[in-house]
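1. Quick one, structure for this:
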Amino acid sequence: MRVALTPSARHDLDALDPQVRHRVLRKLEWFVRSDDPLIFAEPLSHSKLGTWRFRIGDWRVTFDVAEDCIVVLRIGNRRDIYR
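-> As a prediction, this is how the structure comes out:
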């Protein structure tokens, strides 16, 4: 699998503190390298946010899966991302 970022996700990532950004990217790479990244994901009930989410500490990565690609939709703190 591979990862693609939407413009919104790229903006969210660029706004993060550099240490947090590095942590999120490193963990996303780890998820993608696994045999089945979806075993680490939770399904979301509101489809406007995406279909799945990864939890990376206090940060959430919402995404959809398209063929062999994880399309990251948003990246945000758990307090704010679902609002």
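
2. can you give me the strands in this protein?
-> Assignment of strands within the chain using DSSP state E yields the ranges 2-5, 42-43, 52-56, 59-66, 69-77.

3. right, and these - which one's nearest Gln19?
-> With respect to Gln19, and counting by CB to CB, the nearest of the strands of the chain is strand 59-66 at 11.6 Å. Every C-beta, even on glycine, is put in place using the N, C-alpha and C of the backbone.

4. packing partners for that closest one?
-> If you count contacts as 3 or more CB pairs under 8 Å, 6 or more residues apart in numbering; DSSP states H and E, strand 59-66 packs onto helix 18-33, strand 52-56, strand 69-77.

5. tell me the pLDDT at the most centrally placed residue in the chain?
-> The chain has Val61 as the residue nearest its centroid, 2.6 Å off, counting by CA atoms, centre = their mean. In this model, Val61 is scored at 96, pLDDT.

6. Please report how far it lies from Ile75.
-> 5 Å (CB to CB, to the nearest Å).

7. One more: Arg23?
-> Taken as CB to CB, the span from Arg23 to Ile75 is 11 Å.

8. overlap in contacts of these two?
-> When contacts are counted by CB atoms under 8 Å, 6 or more residues apart in numbering, the set common to Arg23 and Ile75 consists of Trp59.

9. Neighbour count: the two, which is higher?
-> Ile75 (28 against 15; other CB atoms under 10 Å).

10. So Thr51 sits against Val65, correct?
-> Yes - at 6.9 Å, Thr51 and Val65 qualify as touching, with contact defined as CB atoms under 8 Å.

11. separation between the residue lying farthest from the centre of the chain and Met1?
-> For the chain, the largest distance from the centre (CA atoms, centre = their mean) belongs to Asp35, which lies 17.2 Å off. Using CB to CB, Asp35 is found at 10 Å from Met1.

12. Repeat that for Asp17.
-> Distance, Asp17 to Met1, by CB to CB: 27 Å.

13. Settle it for me: which of these two has more neighbours?
-> Met1 (15 against 8).

14. my read: that one touches Ala66, true?
-> No - between Met1 and Ala66 there is no contact, the gap being 10.3 Å when judged by CB under 8 Å.
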